[in-house]
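Q: I would like the atomic coordinates for the input below:
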Amino acid sequence: MNLNQIYLGDAYELIKEIPDKSIDLIVTDPPYEIQGLTTKPHGIFSKTGHTRKYEQEMLDSGLGTGINLSILNEYVRVLKKINIYLWCNKEQLLDYMNFFIKDHKCNFEIIIWAKTNPAPFLNGHYLKDKEYCLYFWEQGVKVKPTFETGKTVYVTNTNTYDKSKYIHPTIKPLEIIKNLIKNSCDLEGGRNR
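A: Numbers count the residues shown, from 1 in each chain. Below you'll find the model as predicted:
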């Protein structure tokens, strides 16, 4: 695989082409596990046409089915040292924490993106007005947030501009992604992968 090139394909297969211990940092937004996602007019996406539209976006994109946890071992294999940001929802917190903290003895931080205009999913549940980003790093990784980049809570609108531009229902704000990379990757020390 070449640096600075975008690949379109199955991530579960493409990651196998990456050499062991060759990556400095992973920032990933794998599919969330959304309980109650259904094409039927009930469940967490019930009642209005507005909520059905969001439900259909999630179904069409396959983003409500969750992640195959076997890829976590591949992440560990390709990283020089464990240094990874994983976007997730609350249903996935325990799996990720068990894998990286319990099994791999990593440090961790929880970053929250609080949305001021969340999707209207309720029906007996709390509003889906936040997303989590779990950061795991192992001993020896240089983490260097500044006062400007080190916040753990971001409060913004849902990224509707980029959502329509890139046809992704939960695209993250670029400011957040830039801060994560600045905090956890030595951009001045040479070429990073």
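Q: Val143 - that's part of a helix, no?
A: No - assessed with DSSP: H, G, I helix; E, B strand; the rest coil, Val143 is coil; it does not lie in a helix.
Q: what's it in contact with, if anything?
A: Counting by Cβ atoms under 8 Å, 6 or more residues apart in numbering, Val143 makes contact with 137, 183-184. In short, each C-beta sits where N, CA and C put it, glycine included.
Q: One more: Lys16?
A: Glu74.
Q: And for Cys106?
A: 82, 100, 136-138.
Q: do Thr149 as well
A: Per Cβ under 8 Å, 6+ apart, neighbours of Thr149: 179, 182-183.
Q: quick one: it from Tyr166, how far?
A: Between Thr149 and Tyr166 the computed distance is 24 Å (Cβ to Cβ, to the nearest Å).
Q: same question, Asn107
A: In terms of Cβ to Cβ, Asn107 sits 32 Å off from Tyr166.
Q: Please apply the same query to Leu3.
A: Taking Cβ to Cβ, one finds Leu3 at 22 Å from Tyr166.
Q: for Leu8, same thing?
A: 13 Å.
Q: Comparing these two, which shows the higher neighbour count?
A: For the pair Leu8 and Tyr166, the greater number of neighbours falls to Tyr166 (9 against 5), based on other Cβ atoms under 10 Å.
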